[in-house]
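In: next input, structure requested:
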Amino acid sequence: MPKKLEIKDVEGVKAKIQEYFSSNTDARFTHRLDLIILLCNGHSVTEVSKLYGVNRGTIRRWVCRLNDQGIEGLLERPKAGRPRDLSKEKLVELKGDLMKSPLHFGYKQGRWDGKLLSHHLKEKYGVLLKVRGCQMLFHELGFSLQRPRKMPKGGDPEKREAFKKNSGKRY
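Out: Numbering: from 1, shown residues only. Presented below is the predicted three-dimensional model:
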């Protein structure tokens with residue numbers, strides 16, 4: 001009896017294939033053709049959706065485009081909106097910058113914010129991006145907003161420390 005065919009590191013292979021599909025327009029087109037072939041062979045949208053992990057609504061849109069425009073309707077469409085000013089390589093480099101303190105780059109503040117990132121993008125990468133766009137870029141790169149705790153001005157530092165130490169105790 002022949003040995004069962006087995007793929008080592010299934011999750012890793014699946015992740016690499018998904019990465020390839022997301023970065024290669026020819027692969028995405030071929031992927032869509034594979035889905036359409038299954039539909040042509042009598043598989044339901046739900047079956048194909050589960051098999052490939054593609055949303056049923058997306059498959060329906062592809063079928064409508066196929067019916068309206070033919071096979072060419074499955075080709076990649078141009079993206080709406082303004083094209084990105086930073087390449088994927090520059091985004092990786094920027095993420096590395098953000099992992100470092102702004103002080104490392106000679107800035108006077110110790111935390112990144114939208115305004116400082118906008119300035120940094122202009123100075124280092126020659127890219128103009130407004131503060132709100134920078135805030136969205138932080139989120140896209142996996143960063144979250146963090147604000148330092150404010151300490152009241154004045155007051156006795158020793159009393160403050162004593163209060164912090166005792167604040168969790170119940171009397």
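In: which helix runs longest in this protein?
Out: As assigned by DSSP state H, the longest helix anywhere in the chain is helix 25-40.
In: which strands and helices sit next to that helix?
Out: Under the contact criterion of 3 or more C-beta pairs under 8 Å, 6 or more residues apart in numbering; DSSP states H and E, helix 25-40 touches helix 10-23, helix 45-52, helix 56-69. Glycine gets a C-beta too; all of them are placed from N, C-alpha and C.
In: ok, and what's touching stretch 6-23?
Out: By C-beta atoms under 8 Å, 6 or more residues apart in numbering, the list of residues contacting stretch 6-23 from outside reads Ala27, Arg28, His31.
In: reformat these as TSV; add neighbour count and pLDDT.
Out: As requested, the contacts of stretch 6-23 are exported to TSV (neighbours: other C-beta atoms under 10 Å; pLDDT from 0 to 100):
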residue	neighbour count	pLDDT
Ala27	13	86
Arg28	16	87
His31	18	89
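In: of the residues you listed, which is the nearest to Arg77?
Out: Nearest to Arg77 among the contacts of stretch 6-23: Arg28, at 10.7 Å, using C-beta to C-beta.
In: could you measure the closest one against Glu11, distance?
Out: Separation of Arg28 from Glu11 (C-beta to C-beta, to the nearest Å): 21 Å.
In: chain center to the longest helix of the chain, what's the gap?
Out: Distance of helix 25-40 from its chain centroid, counting by C-alpha atoms, centre = their mean, to the nearest Å, is 24 Å.
In: over to stretch 124-137?
Out: Counting by C-alpha atoms, centre = their mean, stretch 124-137 comes out at 16 Å from the chain centroid.
In: buried residues, it. List them.
Out: By neighbour count on 16 or more other C-beta atoms under 10 Å, the buried set for stretch 124-137 is Tyr125, Val127, Leu129, Gly133, Cys134, Gln135, Leu137.
In: before we move on, what about stretch 30-37?
Out: Buried-residue list, stretch 30-37, by 16+ other C-beta under 10 Å: His31, Arg32, Leu35, Ile36.
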